[in-house]
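[1] Okay, here's the prediction I keep looking at, along with the sequence it came from:
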Amino acid sequence: MTKFSSGFARSSMLALFIGLAGCASSGGGHNPHAGAAAVLPPADVLYQQGVEHIQKEEYSQAVTAFDQVEENYPYSSWATHAQLLAGYAQYKQQDYDDALSSLNRYIALHPENQDVAYAYYLKSLCYYEQIDDVQRDQTTTYEAIQALTDVTTRFPNSAYARDALIKLRLAQNRLAGHDMVIGRYYEKQHLYAAAIGRYQDVITSFQTTTYTPEALERLVECYLDLGLTDSAQRTASVLGYNYPGSSWYQTAYAKLRAHGLVQKTAATTSHQSHGLF
């Protein structure tokens, strides 16, 4: 099982909670549970304890401390920050479901907060780091793509947008790889219509991924096996124009030559406009 991870989340959160902890005051906010006031530490003290647990990588204890802040000092500014840090600690434990719940609640309650961009980014990482091997179900990959797209479109100028865009491309590459695995299987079973559908999806939906040259070459194979020589030649022309140095083009060229179609393909290439569409 392949897992993706990100060190950027930790460095961003370190800057966030160190800055907040430095603002700690002795007041700590109002505790609505008066009976517990004699034994319960102030909000800022509980919050600082949670921060220290994170720094020691004691994430379960950190969640407990932040939950106590939110439960006992719900109207303090510490409670707002504690919600986000609880989500971070759960994420670090790979407790992704609870982390997503915490982060979604934070986003719903504080949509205009200055740290909401980080909440969206952390939410996307919860999906991204669950992306599985290309041969397995890719539901989580689709969810990661949606969450990463939220970061890049909602906060294009944030510190998180660049990293989200990189991860978005990697996630799209994973989906393209999944389509290729299925397409190759269909082709091997001589289910050419189904294979062609998968390869065309890679070309149209994931054309910037590393799988596009192979998808074009596989289309040439399918068309030749079906006797659709004109389609094979046109596809080879697109492949040759866009990826002239690719080994996949060399493979396609060899197969066209084996079918006696090389001369016609060369003429087509020199007289047509080319593109992936």
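    All right, it came through fine. Numbers count the residues shown, from 1 in each chain.
[2] I figured residue 201 hits residue 178, correct?
    No: Residue 201 lies out of contact with residue 178 (C-beta atoms under 8 Å); the separation is 10.2 Å. Every C-beta, even on glycine, is put in place using the N, C-alpha and C of the backbone.
[3] Looking at the two, which is more packed in?
    residue 178 (22 against 17; other C-beta atoms under 10 Å).
[4] Against residue 253, how distant is the more buried one?
    28 Å (C-beta to C-beta, to the nearest Å).
[5] likewise residue 159?
    From residue 159 across to residue 253, the span is 46 Å (C-beta to C-beta).
[6] the more surrounded of those two?
    residue 253 (19 against 14).
[7] what's the burial count for the nearest residue to residue 177 once chain neighbours are set aside?
    Of all residues not flanking residue 177 in the chain, residue 134 sits nearest, at 3.9 Å (C-beta to C-beta, 6 or more residues apart in numbering). Burial of residue 134 is recorded as 19 neighbouring residues (other C-beta under 10 Å).
[8] do the same with residue 258
    Residue 258 sits with 10 neighbouring residues when counted by other C-beta under 10 Å.
[9] again, but for residue 260
    The number of residues near residue 260, taken as other C-beta under 10 Å, comes to 9.
[10] and if you look at residue 142?
    14.
[11] Same question for the one 10 residues further on.
    Residue 152 is flanked by 20 other residues according to other C-beta under 10 Å.
[12] quick one: it and residue 146, what's the gap?
    For residue 152, the distance to residue 146 - C-beta to C-beta - is 11 Å.
[13] before we move on, what about residue 198?
    21 Å.
[14] can you check residue 113 too?
    Computed as C-beta to C-beta, the residue 113 to residue 146 distance reads 22 Å.
[15] more crowded one of these two?
    Ranked by neighbour count (other C-beta under 10 Å), residue 113 and residue 146 place residue 113 first, with 16 against 13.
[16] State the distance from the nearest residue to the more buried one once chain neighbours are set aside to residue 261.
    Distance criterion C-beta to C-beta, 6+ apart; nearest residue to residue 113, sequence neighbours excluded, is residue 80 at 6.7 Å. Distance, residue 80 to residue 261, by C-beta to C-beta: 67 Å.
[17] Residue 222 now?
    In terms of C-beta to C-beta, residue 222 sits 15 Å off from residue 261.
[18] So those two - more neighbours on which side?
    residue 222 (24 against 20).
[19] Surely the more buried one touches residue 190?
    No: applying C-beta under 8 Å as the test, residue 222 and residue 190 come out as separate, 9.6 Å apart.
[20] what helix or strand is residue 170 on?
    Residue 170 belongs to helix 161-188 when assigned by DSSP states H and E.
[21] List the buried residues for that helix?
    161, 163-164, 167-180, 182-183, 186-187 (16 or more other C-beta atoms under 10 Å).
[22] contacting residues around residue 145?
    Residues in contact with residue 145, defined by C-beta atoms under 8 Å, 6 or more residues apart in numbering, are 168, 171-172, 175.
[23] ugh, wrong one, residue 181
    Counting by C-beta under 8 Å, 6+ apart, residue 181 touches 134-135.
[24] cool, and residue 255?
    220-221, 224.
[25] same deal with residue 70?
    Going by C-beta under 8 Å, 6+ apart, the list of residues near residue 70 reads 79, 82-83, 86.
[26] I'd like the distance between it and residue 88.
    Residue 70 is 14 Å from residue 88, by C-beta to C-beta.
[27] Please list the outside residues in contact with the helix or strand harbouring residue 98.
    Per DSSP H and E: residue 98 is located in helix 96-109. With contact meaning C-beta under 8 Å, 6+ apart, helix 96-109 is reached by 80, 83-84, 86-88, 90-91, 113, 116, 119-120, 122-123, 126-127, 129-130.
[28] mind redoing it with 6 Å?
    With contacts defined as C-beta atoms under 6 Å, 6 or more residues apart in numbering, helix 96-109 is touched by 83-84, 86-87, 90-91, 119, 122-123, 126.
[29] Can you add pLDDT, distance to residue 54 and neighbour count and give those residues back as a markdown table?
    Below are the contacts of helix 96-109 laid out as a markdown table (pLDDT from 0 to 100; distance: C-beta to C-beta, whole Å; neighbours: other C-beta atoms under 10 Å):
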| residue | pLDDT | distance to residue 54 | neighbour count |
| --- | --- | --- | --- |
| 83 | 94 | 14 | 23 |
| 84 | 96 | 12 | 25 |
| 86 | 96 | 10 | 27 |
| 87 | 97 | 12 | 29 |
| 90 | 97 | 11 | 25 |
| 91 | 97 | 11 | 25 |
| 119 | 97 | 16 | 22 |
| 122 | 97 | 13 | 27 |
| 123 | 97 | 18 | 26 |
| 126 | 96 | 17 | 25 |
